[in-house]
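Colleague: show me how the following folds:
(2 chains)
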Amino acid sequence: MAFRPEHELHRRRLGRNLGVSLALAGFAALVFAITVVKISGGGLVEGYDHQPRASILPQAEVRP
Amino acid sequence: MTDLSADLGAGSQPREAGFGDYVLLLKPRVMSLVVFTAFVGLAVAPAGVHPVIGFAAILFIALGAGASGALNMWWDADIDAVMRRTRGRPVPAGRIEPGSALALGVGLSGLSVVMLGLTTNPVAAGLLAFTIFFYAVIYTMWLKRATPQNIVIGGAAGAFPPMIGWAAATGSVGLEAVLMFALIFFWTPPHFWALALFMKDDYSRAGVPMLTVTHGRRATRAQVLAYTVALAAVAAGAAALGLGGPVFLAAAVVLNALFLRGAWTIWRRDEAAAEADGYAAEKRFFRFSLLYLFLLFGALLADRALAALGGF
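Modeller: As a prediction, this is how the structure comes out:
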């Protein structure tokens, strides 16, 4: 069976669909990145795992 | 900034739109200037922002500018079809339906304003919303076809991006932001009227009351010189008021001297001389106007970089 050559219209539609897909994927990635920055305030995010750890304990007073 | 990129496909048969046609609808060349000036506004602001937030802010400002460009192309499709410079644009060329251009413009307007507000602050989002409204409604729908001062007042829309960038970083509008606005505001008339001088048949054919059509070419040449003098004064005032530093001062002196010389040349010429050399001086002045703005705002960036390095 001979394949029919791809019409120029299909190539154009493929290009358009790929462009929209990439734009949407980029937007989703950007929103995720913004969310991480907003939540963490630029620092590392530590999830609470029900275990006490040093970083969440009150700061000990430092005497001179 | 004017968009000279839309002649692609002029005269060809209408075909189904590709992704690139939708990109053209956002006036990418105008967006490049918006990106640059908004970035300078954000970078020279005293408050630093996280790189991701800064990137997103610039992107949403550019998207807002693109949205207003799409709304402009939707509304102006009738006159774009008449003008040689614009008849290849996606809507007049028949590649994109006017309704699609409107939908894209409205959709991206809402998205860009909401996302800028969520990413940065309400002041920046409000300024972006006002800019889109100003360009799409005040300039495109009202002033452009109503008054030869369309370029002067409408130019304000192009002057907002550095102010929005500044607001995105600081949450307010400072003196420096107003000075950057003023620089672009006074730069726009000579930039656009130089184009109108050598695109002379386009605007009269479309019935747009460009200054060259309503007041004649002699008056336009005089206005180019007048606004260039005003621009030089604004640039000098901006440097005196503390915008930028030594690099900006040096750039302002050199660039304004060259810009004034070009405007003077245009003012001295008559139509016969311009016709004889194919409007070479006007075209040179137009090209230099683009370089002028990039270098002047680039100087602000350079000063900021020097300050960060502790040089000044």
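Colleague: what about residue 41, how many residues nearby?
Modeller: By default, I'm working from chain A. 8 (other C-beta atoms under 10 Å in any protein chain shown). Any C-beta I mention is one placed from the backbone N, CA and C, and that applies to glycine too.
Colleague: looking at chain B here, not the other one
Modeller: Neighbour number of B:Gly41 under other C-beta under 10 Å is 29.
Colleague: what residues are up against it?
Modeller: Counting by C-beta atoms under 8 Å, 6 or more residues apart in numbering or on different chains, B:Gly41 touches B:Pro161, B:Pro162, B:Met163, B:Ile164, B:Gly165, B:Trp166, B:Ala168, B:Ala169, B:Ala177, B:Met180.
Colleague: so the first one touches B:Ile61, yeah?
Modeller: Spelled out, it's B:Pro161. Yes: assessed by C-beta atoms under 8 Å, B:Pro161 is found in contact with B:Ile61 at 5.8 Å.
Colleague: and B:Arg85, which of the three is it?
Modeller: At B:Arg85 the chain is in coil, as set by DSSP: H, G, I helix; E, B strand; the rest coil.
Colleague: cool, and A:His50?
Modeller: Quick answer, by three-state DSSP: A:His50 is coil.
Colleague: could you measure it against A:Gln59, distance?
Modeller: 22 Å (C-beta to C-beta, to the nearest Å).
Colleague: try B:Ile266
Modeller: Counting by C-beta to C-beta - B:Ile266 and A:Gln59 are separated by 68 Å.
Colleague: with neighbour numbers in mind, choose between these two.
Modeller: Using other C-beta under 10 Å, the more surrounded residue of B:Ile266 and A:Gln59 is B:Ile266, with 25 against 5.
Colleague: is that one in contact with B:Leu225, as I believe?
Modeller: Yes: shown here, B:Ile266 and B:Leu225 form a contact pair, counting by C-beta under 8 Å, at 7.0 Å.
Colleague: contact partners for B:Pro161?
Modeller: Contacts of B:Pro161 (C-beta under 8 Å, 6+ apart): B:Val34, B:Thr37, B:Ala38, B:Gly41, B:Ile61, B:Ala65, B:Thr131.
Colleague: and the third one, what's its pLDDT?
Modeller: So that's B:Ala38. For B:Ala38, the pLDDT comes out at 96.
Colleague: which secondary structure element is home to it?
Modeller: helix B:28-44 (DSSP states H and E).
Colleague: returning to what we had before: closest to chain A out of the contacts of B:Pro161?
Modeller: B:Ile61 (13.9 Å; C-beta to the nearest C-beta).
Colleague: contacting residues for that closest one?
Modeller: Per C-beta under 8 Å, 6+ apart, neighbours of B:Ile61: B:Val34, B:Val35, B:Ala38, B:Ser112, B:Leu116, B:Leu128, B:Pro161, B:Ile164, B:Gly165, B:Ala168.
Colleague: mind checking which of those residues are in helices?
Modeller: In helices, judged by DSSP state H, the following of these are found: B:Val34, B:Val35, B:Ala38, B:Ser112, B:Leu116, B:Leu128, B:Pro161, B:Ile164, B:Gly165, B:Ala168.
Colleague: filter these to the buried ones?
Modeller: B:Val34, B:Val35, B:Ala38, B:Ser112, B:Leu116, B:Leu128, B:Pro161, B:Ile164, B:Gly165, B:Ala168 (16 or more other C-beta atoms under 10 Å in any protein chain shown).
Colleague: where do the helices of chain A begin and end?
Modeller: Going by DSSP H, chain A shows helices at A:8-40.
Colleague: show me where it dips below the pLDDT cut-off.
Modeller: Residues of chain A that meet the criterion pLDDT under 70 lie in A:1-2, A:5, A:42-48, A:55-56, A:60-64.
Colleague: quick revisit: which one of the ones in helices among the contacts of B:Ile61 is nearest to B:Ala232?
Modeller: Of all the ones in helices among the contacts of B:Ile61, B:Ala232 sits closest to B:Pro161, with 22.0 Å by C-beta to C-beta.
Colleague: the residue nearest to the closest one when sequence neighbours are not counted and B:Ala56, how far apart?
Modeller: For B:Pro161, ignoring the flanking residues on the chain, the nearest one in space by C-beta to C-beta, 6 or more residues apart in numbering or on different chains is B:Ala38 at 4.0 Å. Look at B:Ala38 and B:Ala56: by C-beta to C-beta, they are 12 Å apart.
Colleague: follow-up on the earlier one: the helix holding B:Ala38: what's the following helix or strand?
Modeller: Counting by DSSP H and E, what follows helix B:28-44 is helix B:51-75.
Colleague: the one helix or strand B:Ala299 maps to - what's its average pLDDT?
Modeller: Using DSSP H and E, the element containing B:Ala299 is helix B:280-308. The predicted model gives helix B:280-308 an average pLDDT of 93.
Colleague: apart from its chain neighbours, what residue comes closest to the residue in chain A positioned nearest to chain B?
Modeller: Of all residues in chain A, A:Gly19 sits closest to chain B, at 3.2 Å by C-beta to the nearest C-beta. Distance criterion C-beta to C-beta, 6+ apart; nearest residue to A:Gly19, sequence neighbours excluded, is B:Phe19 at 3.2 Å.
Colleague: nice, that's everything, thank you.
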